[in-house]
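J.: Dropping the sequence and predicted coords here.
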Amino acid sequence: MSFPFSHRMQGWLGERLSALAKPRDEFVDVYGEDFSLGVRISARRKLIANEIKGPTIFKKTKVVEYTLFLPFDVIQQAKDACRAAADFILSGVEQILVLAHIELPDFEARKVLLIEQICSDPSMLKRPWSVVSQ
């Protein structure tokens, strides 16, 4: 079970969000200035909302990592699965940023533009949504 987002989309989204994110003092106090935030994205059946696990701290690589589980069945049943999935991803990332004490100015305004870019650029998908693996 997987969604057809490409590695290009993941890299593109990560770059956009990283360029805007600003660690608050709480993040730096707990982890240090040289730590970064990582988000793994997966999907699970039988969820009705996002599920967030973490953080896991990798001291060697200096990464604070959360895992975001998307509600696979809910997204698959949506009228526009791409937009639903992108919305769940960005909403989950927003929740993770709050948990990690990282600010992302004007996130709500940017969210709409990011979803539009993801779902209108064919390079963001490795296959059409109609061929999502079960």
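T.: Everything's here; your move.
J.: quick one: low-confidence parts of this structure?
T.: Regions of the chain meeting the criterion pLDDT under 70 cover residues 130-134.
J.: where along it do the helices fall?
T.: Ranges of helices in the chain, per DSSP state H, are 7-20, 25-31, 72-77, 81-100, 107-120.
J.: got these as a markdown table, with mean neighbour count and distance to residue 39 columns?
T.: In short, each C-beta sits where N, CA and C put it, glycine included. Formatted as a markdown table, these follow (neighbours: other C-beta atoms under 10 Å; distance: least, C-beta to C-beta, whole Å):
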| stretch | mean neighbour count | distance to residue 39 |
| --- | --- | --- |
| helix 7-20 | 14 | 8 |
| helix 25-31 | 14 | 14 |
| helix 72-77 | 17 | 17 |
| helix 81-100 | 20 | 6 |
| helix 107-120 | 15 | 14 |
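J.: residues contacting residue 21?
T.: Going by C-beta atoms under 8 Å, 6 or more residues apart in numbering, residue 21 touches 37, 97, 102, 103, 104.
J.: go again using 6 Å as the cut-off
T.: 102, 104 (C-beta atoms under 6 Å, 6 or more residues apart in numbering).
J.: Could you list the residues in contact with stretch 51-66?
T.: Residues lying outside stretch 51-66 but in contact with it, judged by C-beta under 6 Å, 6+ apart, are 31, 34, 35, 36, 37, 38, 39, 67, 68, 69, 96.
J.: Can you tell me which of these are buried?
T.: 31, 35, 37, 38, 39, 67, 68, 69, 96 (16 or more other C-beta atoms under 10 Å).
J.: What's opposite the closest residue to the fourth one other than its chain neighbours in the beta bridge?
T.: Yep, that's residue 38 we're talking about. Closest residue to residue 38 apart from its sequence neighbours, by C-beta to C-beta, 6 or more residues apart in numbering: residue 65 at 4.1 Å. Taking DSSP bridges as the rule, residue 65 bridges to residue 38, residue 56.
J.: and if you look at the one 5 residues further on?
T.: As for beta bridges, residue 70 partners with residue 43 under DSSP bridges.
J.: Am I right that it is in contact with residue 88?
T.: Yes. Contact criterion C-beta atoms under 6 Å: residue 70 and residue 88 qualify, at 4.9 Å.
J.: With that, I have no additional questions.
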